[in-house]
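In: build me a model:
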Amino acid sequence: MFLSWPEPSDRRRLFTKATSAGRAAAERLRPKAHIRPDLDRGHHWAVGAAIAGILAAGVIYVAYSIYLDVDASGSAVPSLAPYLAIFAALAIALSFEFINGFHDTANAVATVIYTRSLPPHAAVVWSGLANLAGVLLSSGAVAFAIIALLPVDLTMQVGRSAGMTMVFSLLVAAITWNLGTWYVGLPVSSSHTMIGSIIGVGVANALVYGRDGASEVNWSKAVEIGYSLLLSPFFGFVVAGLLLLALRLAAGRTAVRIGATVGESPSWRTRSVLILTCTAVSFFHGANDGQKGMNLVMLILIGTIPNAYALNRGVPPSQIERFVAASQAASTVIAAKASGYDVLGDPRPAVARYVSRHEINEGTYPSLAVLVRSVADDLNEYGSIAKMPPERVAEARTDMYLAAESVRGLMKDRNSDLSADDIAKLRAYQNALDRATKFIPLWVKIAVAIALGVGTMIGWKRIVITVGERIGKAHLSFAQGACAEITAAATIAVADGFGLPVSTTHVLSSGIAGTMTTSGAGLHWPMVRNILLAWVFTLPAAMMLSGGFYWLFSRLF
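Out: Numbers count the residues shown, from 1 in each chain. Down below sits the predicted model:
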């Protein structure tokens, strides 16, 4: 009996049938949690219309708020040209927060998406709203911590060409690096990027003017912030792994599986926990990362409309008497260190050298004492900041900034021989100065909140895939997602309490890596290597980009 070989058409039909049957069997055997969620579905038209409406309302609100602030300051604006320049500058600053939204917050939504706790489009909208709430309720401490990294010389002349060149150089550098890493799907830290950009413009500014590059950076503050950024990934890896281990010991190995079985979806309790942790990470991300945009917006406002934003016009007149009393007490403490020297002429140059280069000579303390008394006399003369003439506001802010930084340096100087009572008087004076110079208007918070929240809802897919699929060799389980997000939320909340920026990206990514290691799923080392390399190179890359842009812009403008 002979067997005939099928005809070509029959062979194709048999092959197709066998292939289809094999794929169907493989699909039945594949755990449901290992099947990628539907990430391609767009927002419902009603959601898109709501986002457009929020953006339009935000633009109108910002424009009206700026108009009211300028009008209240008594500044005369002859045309629309200054307003258009302000809007262009604000658009660049808010672009950083917009990109931060879909670059960093994707970490928060990856867990609820890949554990199927929420549909992708619902997850990003919910996370965006939580980010918006976090920004609105933030303290502002992180914003001022980042401003402290800026070169003193540039901060004092933020309204001049060098100061604005600094601001736009670090903004363009941060946006460039964040967009580039997002395009290739690499989760990197916007905090790292921003701090690297700030250090880069400081070094570049010093080199452009023939000074030592290290002299223009507040290295003590940079080291303090650097510790929080460098240690947080290790903290996330260890703590998230230990949480998963503790959960396994408490609930049993079978309750903490790497993936879900066919047809399984999270119970309402598990779903609630995962949504709650996603909400917490998104909220604290907004509260921490949103403040980076606030300080940039304030620098732009101070540089472009100093009459309206250089000083806090909302300080009530009742606090002026307290300010004058604190100034007199601080001036007495400083004058006691003057050793009989007197000041002839302008006291500002000697104080500026002390602040920027830590140069102390026989004229430093007498000049500082005179400057402190001068600031108090100005406020006492006008009765309140709101009544100060517009042309005097910018100079008054520079004087207050010099006095505050000098007093802060004096309190940290171990050779100052200050008593506890002296330090208390200087700290009270510093706090009074900070109330006048460190403030964030409500409309700035709202603008940043909208930019970050809307950014979260757009462009999130690339980072979500990386976090959800490419860090470990298995997709996220319910327990892994919860442990990683609990760790991230707690870390960001603690850092925000101390006024320190922290990387949501690094904490959550390292937390997922920790849970993958603890569960035995293993890590996808090519992607982990790329994330580690990005973590290492973000700081120097941002420094080089911002330094290069500063050199270029200082030549062009």
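In: show me which residues of the longest helix anywhere in the chain are buried.
Out: Longest helix of the chain, by residue count under DSSP state H: helix 268-304. By neighbour count on 16 or more other CB atoms under 10 Å, the buried set for helix 268-304 is 270-271, 273-275, 277-304. (Glycine included, C-beta is placed from N, CA and C.)
In: following element in sequence after that helix, please.
Out: helix 306-309 (DSSP states H and E).
In: check which element follows that next one along the chain.
Out: Trace forward from helix 306-309 with DSSP H and E and the next one is helix 318-335.
In: tell me the buried residues in that following helix?
Out: Result for helix 318-335 [16+ other CB under 10 Å]: buried residues 319-320, 323-324, 326-327, 329-331, 333-335.
In: kindly indicate which of those residues lies nearest residue 551.
Out: residue 334 (38.5 Å; CB to CB).
In: spit out the contact partners of that closest one.
Out: By CB atoms under 8 Å, 6 or more residues apart in numbering, the residues touching residue 334 are 365, 368-369, 372, 407, 410.
In: same question for residue 418.
Out: The contact partners of residue 418, taken as CB under 8 Å, 6+ apart, are 333, 410-411, 426.
In: so which strand or helix has residue 459?
Out: Applying DSSP H and E, one finds residue 459 in no helix or strand.
In: what's near enough to touch it?
Out: Residue 459 makes contacts with 102-103, 182, as judged by CB under 8 Å, 6+ apart.
In: what about 6 Å?
Out: residue 102 (CB atoms under 6 Å, 6 or more residues apart in numbering).
In: also residue 109?
Out: Residue 109 neighbours (CB under 6 Å, 6+ apart): 123-124, 127.
In: with residue 132 instead?
Out: With CB under 6 Å, 6+ apart, residue 132 has these contacts: 449, 453.
In: switch to 7 Å and redo it
Out: By CB atoms under 7 Å, 6 or more residues apart in numbering, residue 132 lies in contact with 286, 449-450, 452-453.
In: and which of those is nearest residue 46?
Out: Among the contacts of residue 132, and counting by CB to CB, the member closest to residue 46 is residue 453, at 16.9 Å.
In: against residue 126, how distant is that closest one?
Out: 11 Å (CB to CB, to the nearest Å).
In: ok, now residue 416?
Out: Residue 416 is 52 Å from residue 126, by CB to CB.
In: who has more neighbours, these two?
Out: The residue with more neighbours, out of residue 416 and residue 126, is residue 126; 20 against 16, by other CB atoms under 10 Å.
In: could I get the full set of helices for the stretch 1-150 of the chain?
Out: 8-29, 45-73, 81-104, 106-114, 120-136, 141-147 (DSSP state H, counting those that start in this stretch).
In: check these for me and report the most buried one.
Out: helix 106-114 (a mean of 30; mean count of other CB atoms under 10 Å).
In: neighbours of residue 314, just the number please.
Out: Residue 314, neighbours per other CB under 10 Å, totals 13.
In: ok, now residue 243?
Out: Using other CB under 10 Å, the number of residues around residue 243 comes to 22.
In: that one: what's it in contact with?
Out: Counting by CB under 7 Å, 6+ apart, residue 243 has contacts 483, 486-487.
In: ok, 6 Å please
Out: Residue 243 neighbours (CB under 6 Å, 6+ apart): residue 483.
In: likewise residue 546?
Out: 169-170, 173, 197, 200-201.
In: the contacts of residue 418, buried ones only, as a PyMOL selection?
Out: Of the contacts of residue 418, the buried ones go into a single PyMOL selection, burial set by 16+ other CB under 10 Å:
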select buried, resi 333+410+426
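In: secondary structure added to the contacts of residue 418, as a markdown table?
Out: Shown next, in a markdown table, are the contacts of residue 418 (DSSP: H, G, I helix; E, B strand; the rest coil):
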| residue | secondary structure |
| --- | --- |
| 333 | helix |
| 410 | helix |
| 411 | helix |
| 426 | helix |
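In: columns distance to residue 505 and pLDDT on top of the contacts of residue 418, output as TSV?
Out: Listed next are the contacts of residue 418 as TSV, based on distance: CB to CB, whole Å; pLDDT from 0 to 100:
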residue	distance to residue 505	pLDDT
333	44	86
410	38	82
411	35	83
426	38	90
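In: farthest-separated two in the contacts of residue 418?
Out: Taking CB to CB, no two of the contacts of residue 418 sit farther apart than 333 and 411, at 10.2 Å.
In: which of the contacts of residue 109 sits closest to residue 474?
Out: residue 123 (20.2 Å).
In: what pLDDT does the model give the closest residue to the closest one other than its chain neighbours?
Out: Leaving aside its sequence neighbours, residue 123 sits nearest to residue 109 (CB to CB, 6 or more residues apart in numbering; 4.3 Å). With respect to pLDDT, residue 109 scores 86.
In: coming back round to it: so what sits against both of residue 453 and residue 126?
Out: With CB under 6 Å, 6+ apart, residue 453 and residue 126 have no common neighbours.
In: mind checking which helix or strand of this protein has the lowest mean pLDDT?
Out: Taking mean pLDDT, DSSP states H and E as the measure, the chain has helix 8-29 as its least confident helix or strand, at a mean of 50.
In: domain parsing for the chain?
Out: 90-258+266-308+449-556, 318-437 (automatic domain parsing).
In: of all the ones you listed, which one comes closest to residue 54?
Out: domain 90-258+266-308+449-556 (6.1 Å).
In: next one: the closest one to chain centre, how far?
Out: Domain 90-258+266-308+449-556 sits 6 Å away from the centroid of its parent chain (CA atoms, centre = their mean, to the nearest Å).
In: kindly report the same for stretch 40-47.
Out: With CA atoms, centre = their mean, you get 28 Å for stretch 40-47.
In: render the CA-only coordinates of it in CSV, please.
Out: Backbone C-alpha positions of stretch 40-47 (Å, rounded to 0.1, in the frame of the first residue of the first chain) are rendered in CSV as follows:
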residue,chain,number,x,y,z
ASP,A,40,-3.9,50.6,22.7
ARG,A,41,-7.4,51.7,23.4
GLY,A,42,-7.7,55.5,23.6
HIS,A,43,-9.7,57.6,26.0
HIS,A,44,-13.4,58.0,25.5
TRP,A,45,-14.4,61.1,23.6
ALA,A,46,-16.0,62.5,26.8
VAL,A,47,-12.7,62.2,28.7
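In: pLDDT averaged over that stretch - what is it?
Out: 76.
In: give the contact list for the nearest residue to residue 70 once chain neighbours are set aside.
Out: In space, and not counting its chain neighbours, residue 70 is closest to residue 308: 5.0 Å by CB to CB, 6+ apart. Residue 308 makes contact with 69-70, 73, according to CB under 6 Å, 6+ apart.
In: need the residues you listed in JSON lines with pLDDT and distance to residue 529, can you?
Out: Output for the contacts of residue 308, formatted as JSON lines (pLDDT from 0 to 100; distance: CB to CB, whole Å):
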{"residue": "69", "pLDDT": "88", "distance to residue 529": "49"}
{"residue": "70", "pLDDT": "86", "distance to residue 529": "52"}
{"residue": "73", "pLDDT": "80", "distance to residue 529": "53"}
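In: so for whichever strand or helix holds residue 534, what gets flagged as buried?
Out: Element membership for residue 534 (DSSP H and E) is helix 525-556. For helix 525-556, the buried set under the neighbour-count rule, 16+ other CB under 10 Å, comprises 527-528, 530-532, 534-535, 537-539, 541-547, 549-551, 553-554.
In: same check, this time on stretch 391-409
Out: 393-394, 396-409.
In: next, count neighbours for residue 226.
Out: Neighbours of residue 226 using other CB under 10 Å come to 15.
In: please tell me how far it sits from residue 508.
Out: In terms of CB to CB, residue 226 sits 20 Å off from residue 508.
In: ok, residue 57 next?
Out: Using CB to CB, residue 57 is found at 31 Å from residue 508.
In: residue 207 too?
Out: For residue 207, the distance to residue 508 - CB to CB - is 37 Å.
In: who's more crowded, these two?
Out: residue 508 (32 against 15).
In: show me the contacts for that one.
Out: 107, 484, 488.
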